[in-house]
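Asks: Following is a predicted model, sequence given first.
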Amino acid sequence: MTQEGGNALRETLNKFDREHKRITWIMCGLLLMMCAQWAGLILAPNDHKAIPYGLSAVMTSVWVTAFFGLRVASSYTQAILKAIELLSRENQKG
């Protein structure tokens with residue numbers, strides 16, 4: 001693999017690392033928010049105050065699930081790119 005191709009692959013891996021970390025932090029924030037909303041739903045003094053917490057908890061649960069799926073797909077793509085990088089390094093050496 002040429003030097004330009006190796007640099008492009010390295011830049012792509014760095015970009016994926018940044019995106020993977022960003023997705024992880026967003027997912028952690030959503031998880032904390034979801035737990036707080038579910039706790040608010042459970043601890044609400046009556047049903048009228050619990051309904052908004054319940055709706056927001058369900059919506060946040062959907063977002064957490066979506067970001068978890070995105071994170072898994074991102075990690076698979078990252079693993080494939082790292083394997084390509086390792087193969088290209090082997091080809092350059094030998």
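Replies: Received, thanks.

Asks: Could you list the low-confidence segments of this structure?
Replies: Across the chain, the stretches falling below the confidence threshold (pLDDT under 70) are 1-6, 94.

Asks: how about the helices in it?
Replies: Counting by DSSP state H, the chain has these helices, from start to end: 3-43, 47-93.

Asks: May I see these arranged in TSV, with mean neighbour count as well?
Replies: Every residue, glycine included, has its C-beta placed from N, CA and C. As requested, the helices of the chain are exported to TSV (neighbours: other C-beta atoms under 10 Å):
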stretch	mean neighbour count
helix 3-43	14
helix 47-93	13
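
Asks: Without its sequence neighbours, what residue ends up closest to Thr77?
Replies: The shortest distance from Thr77 to any residue that is not its chain neighbour, by C-beta to C-beta, 6 or more residues apart in numbering, is 6.5 Å, and that residue is Phe16.

Asks: wait, isn't that neighbour in contact with Leu81?
Replies: Yes: between Phe16 and Leu81 a contact is recorded at 6.3 Å, counting by C-beta atoms under 8 Å.

Asks: list the contacts for His48?
Replies: Contact criterion C-beta atoms under 8 Å, 6 or more residues apart in numbering gives no residues in contact with His48.

Asks: quick revisit: what separates the residue nearest to Thr77 from Leu30, distance-wise?
Replies: Per C-beta to C-beta, to the nearest Å, Phe16 is found 21 Å from Leu30.

Asks: Same check on Val72?
Replies: 15 Å.

Asks: got the contact list for Ser75?
Replies: With contact set as C-beta under 8 Å, 6+ apart, Ser75 has these partners: His20.

Asks: er, Met33 actually
Replies: Contacts of Met33 by C-beta under 8 Å, 6+ apart are Thr60.

Asks: Quick check on Asn46: phi, psi?
Replies: Dihedral pair for Asn46: phi -150, psi 170, per degrees, to the nearest 10.

Asks: That one and Asn7, how far apart?
Replies: Remark: distance between Asn46 and Asn7 (C-beta to C-beta) = 62 Å.
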